[in-house]
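In: Structural data only, the sequence is not supplied:
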């Protein structure tokens, strides 16, 4: 494994690489508030075993990367803001990824992102198409409205009102967790993942990721700044219609955080996109599906 830093107009971005650099490169993008360690060594081995070179990095405002100065609004306040100015947007975060590719000497990569990372991946494909061999958007959406459970409730098939109310309450709790106390940070996040991860939730594995993240960098303000970036970036649906690279969209059928309609909307927007929905997957990458997801990405790369 190799590690380093790159600079995007004064913004320092930390990255790591794994595997044989002579192989096709995949660059992994983490979701809201998640560090590069979300793409664990065990998960990355699934892709290395399929002949890929791995690049993973910390988005700005998490991990070892640049931190935005000042005190952001709370996540609750951001969710209620109809319009506001953010310190940066998804285009800036997409440019961070391009800077990482430049730093490791990779002209084109297979771009794979989860959740917020999927939104960044979509933005990279729109704004820097020459750097993207294939696009994989996982448990994500093309706009803020298509990512919110309440916006999508009426579109979901067979939705039970009582079950939806419980889901909304659980999701709201997971998004508005008080992470200001370092002594309870890991415990609270484990419970948040328990709510959103689906039937294959592994608390021991998730705690290891969260503890490693905490040990690398405790910076709860990053959640708010990243959410502001997503909210300020608008709807990508029309621009996604112009993409020409092979595209894979993966979503969890029981994802309570970004409902399946978010994935369906993404796939519908991109010409020729392949949509895969796993009925036993929530808003996380469950170990029983790692091999399936890696196989899908490898098949996409062969296209």
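Out: It's in. Just so it is clear, the model here is predicted, and its values are computed rather than measured.

In: could you show me where the strands are in the stretch 201-303 of the chain, in order?
Out: Along the stretch 201-303 of the chain, counting by DSSP state E, counting those that start in this stretch, strands occupy 247-252, 274-278.

In: Ok, which of these comes nearest residue 258?
Out: Nearest to residue 258 among the strands of the stretch 201-303 of the chain is strand 247-252; the distance by CB to CB comes to 7.8 Å. Just so you know, the C-beta spots here come from the backbone N, C-alpha and C atoms, and that holds for glycine as well.

In: What lies in contact with that closest one?
Out: By CB atoms under 8 Å, 6 or more residues apart in numbering, the residues outside strand 247-252 that reach it are 125, 134-139, 198, 258, 260, 262-264, 266-267, 270, 272-278, 280-284, 293, 296-297, 300.

In: what angle sits between that strand and strand 274-278?
Out: With axes from the mean of the first three to the mean of the last three CA atoms, to 10 degrees defining the directions, strand 247-252 sits at 20 degrees from strand 274-278.

In: Indicate each strand paired with strand 247-252 and its parallel or antiparallel sense.
Out: Counting by DSSP bridges, the strands paired with strand 247-252 are strand 132-138 (parallel), strand 274-278 (parallel).

In: State the mean pLDDT of it.
Out: In this model, strand 247-252 has a mean pLDDT of 98.

In: Repeat that for stretch 103-117.
Out: 98.

In: And that stretch, how far out from the chain middle?
Out: The chain centroid and the centroid of stretch 103-117 are separated by 12 Å under CA atoms, centre = their mean, to the nearest Å.

In: neighbours around residue 135, how many?
Out: Residue 135: 27 surrounding residues under other CB atoms under 10 Å.

In: Would you enumerate the residues in contact with it?
Out: Contacts of residue 135 by CB under 8 Å, 6+ apart are 111, 121-122, 124-125, 243, 245-248, 270.

In: Which residues does it form beta bridges with?
Out: Beta-bridge pairing for residue 135 (DSSP bridges): residue 111, residue 247.

In: Which pLDDT value goes with it?
Out: pLDDT at residue 135 comes out at 99.

In: That one and residue 77: what is the separation?
Out: 32 Å (CB to CB, to the nearest Å).

In: got it, and residue 123?
Out: 24 Å.

In: between those two, who's got more neighbours?
Out: A direct count of neighbours by other CB under 10 Å for residue 123 and residue 77 places residue 123 higher, at 23 against 12.
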